[in-house]
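Colleague: Give me a model of this one.
(2 chains)
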Amino acid sequence: MQMHNKKRIELIIEKMAHKRACRVLEAAGMTGYTVLPAMAGYGGGNRWNRETDISASRDMVVIVSIGDEDKIAEAMLQISDILGDHIGVVSLSSVEVLRPDRF
Amino acid sequence: MDVALSTLLSPIILFFALGMGAALLRSQMSVPEAFAKGLAIYLMMAIGLKGGVEMSKNPLTLDVILMLLAGVVLSFALPLIAYIFLRVTSKLSQTDAAATAAHYGSISIVTFVAATEAVKLSGLDSSGHMVAVAALMETPAIITALILAHRGQKREKPVAGSEQGELVREVALNASIVVLVGALIIGWIAGEEGTAQVSPFFVDLFQGVLCLFLLDIGLSAGRGLRQGWRQLSVATVGFGIYMPLVSAILASGIGFALGASAGDVALLITLAASASYIAVPAAMRLALPKANPSVYLTLSLGVTFPFNVTIGIPIYIFLATLVTG
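Modeller: Here you go, the predicted model:
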């Protein structure tokens, strides 16, 4: 079975800001992404938990998207701007996919 | 004194204390998130409907319009006072102080409901249009806070991915405002007769659901306080207690000037003294993402809300009876 090299971007970001990040991914030409809820965490000296905030304004989500390196590089410029203000972590990794035409 | 004791020993406050105590003791108890959201929607619908039905019984007079305007003016003005206090007494940055100030100009609908029950217990009457005052006071504070946050700073370009109107949508169309105002209008249109068939659900069950919701808020407040107290200085904790009293004094003066009933003045004071922990935090994450949510959320939900529902409300009712003679 032949696999194909792609890049995977994973973005942990505030739920309130995730639509901004999704718009950036779409504008960069990424063909898809998945948004997952995060339960709790620790960072910047603060703990956060979905159960501590009834406004849900501190909820975090994880956005996962796979695509070509050039599209992800384009998205990264804008995503670094989002993360300049919002809380979040971004990481890139190399992955292999089965159907390259999907990305 | 009787009112203070009755308020403190009412089931809704005791359930709040139970939730907060359980969270502070690190109990694993929790109210499922989706269920808690459902409870919040139910409460907004019930409050809105009740207010709308009461409004349908009386015509819209100049006094009512003046009370609505008073609420808007208070919501615009209170963040300015809160901001000055925070900048003078605490080490909060301009952005953190402005974001925190927004919470103190907006309102807490649960504090309002607790005050409505306490006003009833005191034998005072309040009007349905106070629900409309509450709805109108939700958002103006956000505008003042944004002006304060950006004062003296060069205009920054919008964050990447921002969409025109996203903040307005979040502020004006957040779930609590849509449900509250929508139910108010429905109650106003349908009137007492029209809403009679749904009253077993929205009236008879209200107190029990409120207890459940207060239990959840107690859990949130306790956990928030446990995790966020390190972010608060003595000056900011002090602000969370004296600011509601400052707002209360200002609102009682306005209530006196309007010549409103003691019940309505007590509710206006409570609205002014309460701090938002649902609508404003969400707006602040979009509009002022640099502001530290641990400061403003812990302060409004962990300090001011417990103060208001236990000690504050009896003081506000006393103030209202004092200024209305």
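Colleague: Quick check: chain neighbours aside, which residue is closest to the residue of chain A found nearest chain B?
Modeller: Here chain A gets closest to chain B at one residue, residue A:20, 3.1 Å apart by CB to the nearest CB. Placement of C-beta: from N, CA and C, glycine included. What sits nearest to residue A:20 in space, not counting adjacent residues and going by CB to CB, 6 or more residues apart in numbering or on different chains, is residue B:161, at 3.1 Å.
Colleague: Tell me if the one you found really is in a helix.
Modeller: No. The assignment for residue B:161, made by DSSP: H, G, I helix; E, B strand; the rest coil, is coil rather than a helix.
Colleague: Please determine how far the residue most central in space within chain A is located from residue B:281.
Modeller: Nearest to the mean C-alpha position of chain A, by CA atoms, centre = their mean, lies residue A:11 at 2.6 Å. Noted for residue A:11: a distance of 22 Å to residue B:281, by CB to CB, to the nearest Å.
Colleague: so the residue nearest to the centre of chain A is in which element?
Modeller: Counting by DSSP states H and E, the element that carries residue A:11 is strand A:4-14.
Colleague: Show me what that strand is packed against.
Modeller: When contacts are defined as 3 or more CB pairs under 8 Å, 6 or more residues apart in numbering or on different chains; DSSP states H and E, strand A:4-14 packs onto helix A:18-27, strand A:60-67, helix A:69-85, strand A:88-97.
Colleague: returning to what we had before: the residue nearest to the centre of chain A touches residue A:88, doesn't it?
Modeller: Yes. Under the criterion of CB atoms under 8 Å, residue A:11 lies in contact with residue A:88, with a separation of 6.4 Å.
Colleague: what is in contact with these two at once?
Modeller: Between them, residue A:11 and residue A:88 share no contacting residue under CB atoms under 8 Å, 6 or more residues apart in numbering or on different chains.
Colleague: which stretch in the helices and strands packed on strand A:4-14 is the model least sure about?
Modeller: Mean pLDDT is lowest for helix A:69-85 among the helices and strands packed on strand A:4-14, at a mean of 88.
Colleague: Could you list the residues in contact with it?
Modeller: Identification of contacts with helix A:69-85 by CB under 8 Å, 6+ apart yields A:7, A:9, A:11, A:13, A:17, A:20-21, A:24-25, A:27-30, A:65, A:88, A:90, A:92, B:159-161, B:289-290.
Colleague: Apply the buried test to these and list what passes.
Modeller: Listed as buried from the contacts of helix A:69-85 are A:7, A:9, A:11, A:13, A:17, A:20-21, A:24-25, A:28, A:30, A:65, A:88, A:90, B:159-161, B:289; burial here means 16 or more other CB atoms under 10 Å in any protein chain shown.
Colleague: picking up where we left off before, given the strand holding residue A:11, what are its sheet partners and their directions?
Modeller: With DSSP bridges as the test, strand A:4-14 is paired with strand A:60-67 (antiparallel), strand A:88-97 (antiparallel).
Colleague: so residue B:294 is in which element?
Modeller: If you go by DSSP H and E, residue B:294 is part of helix B:293-297.
Colleague: Please name every helix or strand in contact with that helix.
Modeller: Contacts defined by 3+ CB pairs under 8 Å, 6+ apart place helix B:293-297 against helix B:94-105, helix B:206-228, helix B:279-287.
Colleague: Check which element follows the longest one along the chain.
Modeller: For helix B:206-228, the following helix or strand on the C-terminal side (DSSP H and E) is helix B:234-258.
Colleague: And that next one, how far out from the chain middle?
Modeller: Computed by CA atoms, centre = their mean, to the nearest Å, the separation of helix B:234-258 from the middle of its chain amounts to 14 Å.
Colleague: Would you mind getting the angle between the helix or strand following it and helix B:234-258?
Modeller: Counting by DSSP H and E, the next helix or strand C-terminal to helix B:234-258 is helix B:262-273. Angle of helix B:262-273 versus helix B:234-258, following axes from the mean of the first three to the mean of the last three CA atoms, to 10 degrees, is 150 degrees.
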